[in-house]
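Enquirer: quick one, what's the 3D model for this:
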Amino acid sequence: MVRFKHRYLVATIAAASQERIAELGPSEILAMLRESIEANFGDFGSGSTSQSLQVRSFDRTSGVCVIRAGRESHRMVRASLTLLSGTKDARLSVTVKAVAGCDRTLKAAAVEAYTRGYRRAGISDDAAAALLQRQRQLLDAWQ
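Expert: You can find the predicted model right below:
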């Protein structure tokens, strides 16, 4: 039996207003991503990514999002993330920071992205350390 292999994309989501990011959730990001895949790659892209596409986590404070995709289709997902412009209400900017194939490299890339996001948000070092500890626990729980 062959194992299905995944890729994890660590992305940051930025908007002109922090209120718009606070309204977003994993299900909204997944819906916008699926719309972008269908608009840019049609039925083929939608069908080839639908089974494995999942938003694993989204931190509203730092704007960091971890997305799981299949190994064969992760390039389509990455391109669709880059071409994602937001909703009718607000414009979003999505930047893919890293692509990881295993838990170890995912944790390293995600912690670095969380740290940068917390600094950008102006969170104190003590509060950022507590938030990073919580994110590490969430990443460890996936195993």
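Enquirer: name the SS class of the closest residue to Leu53 other than its chain neighbours, please.
Expert: Residue nearest to Leu53 in three dimensions, not counting chain neighbours: Ala69, with 5.6 Å by CB to CB, 6 or more residues apart in numbering. The C-beta positions use only the backbone N, C-alpha and C, and glycine is treated the same way. Counting by DSSP: H, G, I helix; E, B strand; the rest coil, the backbone at Ala69 sits in strand.
Enquirer: what about Ala69, how many neighbours?
Expert: A total of 26 residues lie near Ala69 under the criterion other CB atoms under 10 Å.
Enquirer: just name the shakiest helix or strand of the chain by mean pLDDT.
Expert: For the chain, scoring each helix and strand by mean pLDDT, DSSP states H and E identifies helix 18-23 as the least confident one, at a mean of 73.
Enquirer: His26 against Asp59, yeah?
Expert: Slight slip there: residue 26 is Pro, not His. No. Here Pro26 does not reach Asp59: they are 10.4 Å apart, not a contact under CB atoms under 8 Å.
Enquirer: for Gln54, phi and psi?
Expert: phi -160, psi 140 (degrees, to the nearest 10).
Enquirer: shouldn't it be in contact with Val66?
Expert: No. With contact defined as CB under 8 Å, Gln54 does not reach Val66; the gap is 9.4 Å.
Enquirer: before we move on, the earlier item: got a pLDDT number for the residue nearest to Leu53?
Expert: As predicted, Ala69 sits at a pLDDT of 93.
Enquirer: tell me the SS of the most centrally placed residue in the chain?
Expert: A centroid search over the chain (CA atoms, centre = their mean) returns Cys65, at 2.7 Å, as the residue closest to the centre. For Cys65, the reduced secondary structure class is strand; criterion used: three-state DSSP.
Enquirer: could you number the chain from 809 rather than 1 from now on?
Expert: Will do, 809 is the new start, and the previous item becomes Cys873.
Enquirer: what distance separates the helix ranked longest in the chain from the centre of its chain?
Expert: Using DSSP state H, we find that the single longest helix of the chain is helix 834-857. In this view, helix 834-857 has its centroid 14 Å away from the chain centroid, taken as CA atoms, centre = their mean, to the nearest Å.
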